[in-house]
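Novice: please find the sequence and the predicted model below.
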Amino acid sequence: AECRRIVAAFDLAERLGVPVEWFAVSSGARISMSSGTENMDWIGAVLRRIVMFTQAGGEINVVVTGINVGAQPYWNAEATMLMHTRGVLVMLPDSAMVLTGKQALDFSGGVSAEDNLGIGGFERVMGPNGQAQYRAADLESACDILFQHYAHTYVVPGERFPRRAASADPVF
């Protein structure tokens, strides 16, 4: 159901010609021995829709608001880190993007950091590697960052480029 809603959001944004603002709080598919591969099929469908949406010029701006595990970090990365994408990724404190969480890594005998932030937090991983473009102190600050981004990059539906910003710089 979550994946269907995400795909529908891209469909709506495409029809309206507006960017998607994705406040990432999900973790993708449920892992269970009692279900088949249909969960992975839906993850793939969302990933395909992200790629199609961004390749067609759609913009996705992601705000990571907690520990994102599993498919969600992949979606975040595809939406904002590929060479053709225009969106930004903003991370809040105590947020992380990890494929497999610390508890699962420790249980399986894998090597992990001291916590999920050490595996995929802004300070040690996502910021220094350039995967997250901004760090915000809180949700309000994250929205302020998005508005600043839009002030320079937003393209009004039906127009070709962002509108010019007023400037007092001399014209040469």
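Specialist: Ah, there it is. Here the structure is a predicted model, which is why all the values come from computation and not from measurement. Numbers count the residues shown, from 1 in each chain.
Novice: residue 3 - nearest residue in space that isn't next to it in sequence?
Specialist: residue 42 (3.8 Å; C-beta to C-beta, 6 or more residues apart in numbering). Using the backbone N, CA and C atoms, a C-beta is placed for each residue, glycine as well.
Novice: sorry, that was for residue 57
Specialist: residue 86 is the one closest to residue 57 (C-beta to C-beta, 6+ apart), at 8.0 Å.
Novice: rewinding a little: the residue nearest to residue 3 - that's part of a helix, no?
Specialist: Yes - the assignment for residue 42 by DSSP: H, G, I helix; E, B strand; the rest coil puts it in a helix.
Novice: tabulate the CA atom coordinates of the helix or strand hosting residue 47 in PDB.
Specialist: In this assignment (DSSP states H and E), residue 47 forms part of helix 38-55. Once non-C-alpha atoms are left out, helix 38-55 reads as follows in PDB (Å, rounded to 0.1, in the frame of the first residue of the first chain):
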ATOM      1  CA  GLU A  38       5.900  -9.300  -4.000                       C
ATOM      2  CA  ASN A  39       7.400  -6.800  -1.500                       C
ATOM      3  CA  MET A  40      10.500  -6.600  -3.600                       C
ATOM      4  CA  ASP A  41       8.500  -6.200  -6.800                       C
ATOM      5  CA  TRP A  42       6.800  -3.100  -5.300                       C
ATOM      6  CA  ILE A  43      10.200  -1.700  -4.200                       C
ATOM      7  CA  GLY A  44      11.400  -2.200  -7.800                       C
ATOM      8  CA  ALA A  45       8.300  -0.500  -9.100                       C
ATOM      9  CA  VAL A  46       8.900   2.600  -7.000                       C
ATOM     10  CA  LEU A  47      12.600   2.600  -8.000                       C
ATOM     11  CA  ARG A  48      11.600   2.500 -11.700                       C
ATOM     12  CA  ARG A  49       9.100   5.300 -11.200                       C
ATOM     13  CA  ILE A  50      11.800   7.500  -9.500                       C
ATOM     14  CA  VAL A  51      14.100   7.000 -12.400                       C
ATOM     15  CA  MET A  52      11.400   7.600 -15.000                       C
ATOM     16  CA  PHE A  53      10.200  10.700 -13.200                       C
ATOM     17  CA  THR A  54      13.700  12.200 -12.800                       C
ATOM     18  CA  GLN A  55      14.800  11.400 -16.300                       C
END
